[in-house]
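Asker: Provide a 3D model corresponding to the input given below.
(chains A and B)
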Amino acid sequence: MVPFSYCYDWGVMDDNTRPVAMEEFAANGARHLVLTSNLIELISGTPKMYLKLKEEARNAGLDFVDSHMPFNFETDIALPVAEYRPQMLGRMKFNLELIHDYGVDTCCFHICSRYRREYTMAQHMDAARKSLEELVPLAEELGVVICLENIFQPCNLVDDVLTLIKEFPSPCLGACFDIGHAYLMEQGMNVENCVVPSHWEGVSPVPWEKNILDRMLPHIVNCHLHDNAGDLDTHTIPGRGKIDWAPAMAKLRTAPRLRNMQSEVIPVRRNGIPIRAIVESFNRILG
Amino acid sequence: MKKSGADIPFTYLCTFSGLDEKARRMKMAEFAANGAKHIVLSDGVFKFVAGEPKMYLEFQREVCDAGLTFVDSHAPFGGECDPAIPVPEYRRQMLARLKFNLQLAADFGVDTMCVHIDTTLYPGYTLAQHLDAARATLDEVLPVAEKLGIAIGLENIFKPLNSVDDVLTLIKEFPSPCLGACFDSGHANIMEHGKLDPECVAYDRFGKVGETVPWEKDVLDRMLPHIVNCHLHDNHAVKDEHDLPGRGSVDWKNVFAKLRTAPRLKSMQSEVIAVKHALPIKTLVETFERLRK
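Answerer: Just a heads-up that it's a prediction; the model follows:
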């Protein structure tokens, strides 16, 4: 059984509430946390947090397994605007060092969080290639696996993920399987008010996908587990959406490169779900 | 060669802590309305941009909209950021942070960066080990600064490892157009004139580590050939007040006269902490304008 880690809305917490939430996870049997994009931004922007955050987790009896690189236009590896790329690459390298220092060996990357319609898909993908040319060698030096995530947005399809993995064969480049995003891309065409088409307006018809887990399986290194009903990217707990968890979990366990699993339930901002309910829901599907 | 004070870009430390976008824009507009042309890319701004990626573009837009530019910068300082961190497991993040900040500084159009050699001494390590760590840092970071065209200015401070001797030793060991000194007028005043007051902050800083204060003389003269940027603020040689020139005991006529002859000087900076002293921006700018003439 690979380690199971929990993300949380650390961005809405402060120095007083964060340690309490960590204690709450531990009291419910959690052992590992995700070094989330919010936490990476916290230690990037507040140097004293570099040691303090480690101490907070240690005091709760937790450690960090798995991480998520900050994502936005300024932090996309597919950022095509030449003058903004050095800061993006500098930031990614700095963050990879922090992740390594926290003892984490996997990091989820979005290929492209903010698609710029004035650039083509090919230009975005070329920019991602150039980024990987610089980032994969550092990841190899640090022993951190960059995991490209499937998302329902341009330049984040399974084809895009697999193309880059094929072009950069390395033990430090793999895939992050996001089950909620996969469900939206596989089932959303049959669901009213699905969020996916809005992301493709002015770009192309939605390239709905099939058999995402099967196709990504040989390359999956980490994963994001959360549920939805095929309409919105709700990031809720298993059972509150329509994903058929049993076959998915059985298959995921056979992924040859899998190092950890992650709850990517967003409890505070989107769903109002107690920590106990999150942990118990995953205990149920993990068996 | 003696330069006119007006030839050298003059920048103002502008703190934005706790301000939202509108308040930040108002503050920048206030500086501009009073004739300021440049503000400092401060350690606070670096932390802000590092912690919130979207601020990388937003902050540049705000400064541009105010008609201001950045000229000089101040690297974040304190335990986790210090070049002299001797603890091996903390050094990689420090180096990566410093390199990232140099990249940001270059992107923001800045050509000097003040760096503290050391702010926090780590227990269990000698001063010599800290200084060796600073050397190892310069070995790695200086080539990045050279590639980006940014001069690192090592600052004189009233603390162990930040004396004029320490600054000059490192500059001598790493001869490069991208390594120089950041002259701090307030810190120099403390180290030159603080001896007679038992409350002087230098006693505390050196006493904490069992060191005798190495009181200094002629700080500006000694640093002069190497000064690339400077921090101008006043005090009474007791506490690090960062007050307005004229409110302390610094000899400003002498400081400005000498600084104008500094051969490597690229910019001058007001490091007055206006918020701390409830100083109007108008008073701040007018004071330095008078001194620069």
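Asker: Retrieve the pLDDT associated with the closest residue to chain A within the stretch 1-150 of chain B.
Answerer: The minimum distance from the stretch 1-150 of chain B to chain A, using CB to the nearest CB, falls at residue B:51 (1.7 Å). The way it works is simple: take the backbone N, C-alpha and C, and place the C-beta from them, glycine included. Note on residue B:51: pLDDT of 93.
Asker: And it, how far from residue B:88?
Answerer: 26 Å (CB to CB, to the nearest Å).
Asker: Looking at the two, which one has more neighbours?
Answerer: residue B:51 (19 against 8; other CB atoms under 10 Å in any protein chain shown).
Asker: From residue A:200, how far out is that one?
Answerer: 32 Å.
Asker: again with residue B:104
Answerer: Taken as CB to CB, the span from residue B:104 to residue A:200 is 34 Å.
Asker: still on that earlier bit, now the residue of the stretch 1-150 of chain B closest to chain A: closest residue in space, sequence neighbours ignored.
Answerer: residue A:45 (1.7 Å; CB to CB, 6 or more residues apart in numbering or on different chains).
Asker: wait, doesn't the one you found sit right on residue B:53?
Answerer: No - using CB atoms under 8 Å, residue A:45 makes no contact with residue B:53, being 9.6 Å away.
Asker: Between these two, point out the one with more neighbours.
Answerer: residue B:53 (23 against 18).
Asker: Quick one: residues contacting that one.
Answerer: By CB atoms under 8 Å, 6 or more residues apart in numbering or on different chains, residue B:53 lies in contact with A:41, A:70, A:72, A:74, A:75, A:91.
Asker: List the backbone torsions phi and psi for it.
Answerer: phi -50, psi -30 (degrees, to the nearest 10).
Asker: Leaving out chain neighbours, which residue sits closest to it?
Answerer: residue A:74 is the one closest to residue B:53 (CB to CB, 6+ apart), at 4.1 Å.
Asker: give the contact list for the one you found.
Answerer: Here residue A:74 is in contact with A:84, A:87, A:88, A:91, B:53, B:54, B:56, B:57 (CB under 8 Å, 6+ apart).
Asker: would you turn those into JSON lines with secondary structure and distance to residue B:115?
Answerer: Compiled in JSON lines, the contacts of residue A:74 are given as follows (DSSP: H, G, I helix; E, B strand; the rest coil; distance: CB to CB, whole Å):
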{"residue": "A:84", "secondary structure": "helix", "distance to residue B:115": "25"}
{"residue": "A:87", "secondary structure": "helix", "distance to residue B:115": "19"}
{"residue": "A:88", "secondary structure": "helix", "distance to residue B:115": "24"}
{"residue": "A:91", "secondary structure": "helix", "distance to residue B:115": "20"}
{"residue": "B:53", "secondary structure": "coil", "distance to residue B:115": "23"}
{"residue": "B:54", "secondary structure": "coil", "distance to residue B:115": "27"}
{"residue": "B:56", "secondary structure": "helix", "distance to residue B:115": "21"}
{"residue": "B:57", "secondary structure": "helix", "distance to residue B:115": "25"}
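Asker: Spell out for me which residue occupies the centre of the chain.
Answerer: Went with chain A since none was named. The residue lying closest to the centre of chain A (CA atoms, centre = their mean) is residue A:108, at 4.5 Å.
Asker: Actually, chain B is the one I wanted.
Answerer: residue B:114 (4.3 Å).
Asker: any low-confidence regions in chain B?
Answerer: B:1-6 (pLDDT under 70).
Asker: Spell out which residues of it are next to chain A.
Answerer: Contact residues (CB under 8 Å from any CB of the partner chain) of chain B with chain A: B:47-54, B:56-57, B:76, B:78-81, B:89-90, B:92-93, B:95-97, B:99-100, B:103-104, B:106-107.
Asker: Give me the buried subset of the residues you listed.
Answerer: B:47-53, B:56, B:76, B:79-81, B:90, B:93, B:95-97, B:99-100, B:103-104, B:106-107 (16 or more other CB atoms under 10 Å in any protein chain shown).
Asker: so of those, which ones are in strands?
Answerer: Per DSSP state E, strands hold no members of these.
Asker: Of the residues you listed, which belong to helices?
Answerer: Secondary structure defined by DSSP state H assigns B:47-51, B:56, B:90, B:93, B:95-97, B:99-100, B:103-104, B:106-107 of these to helices.
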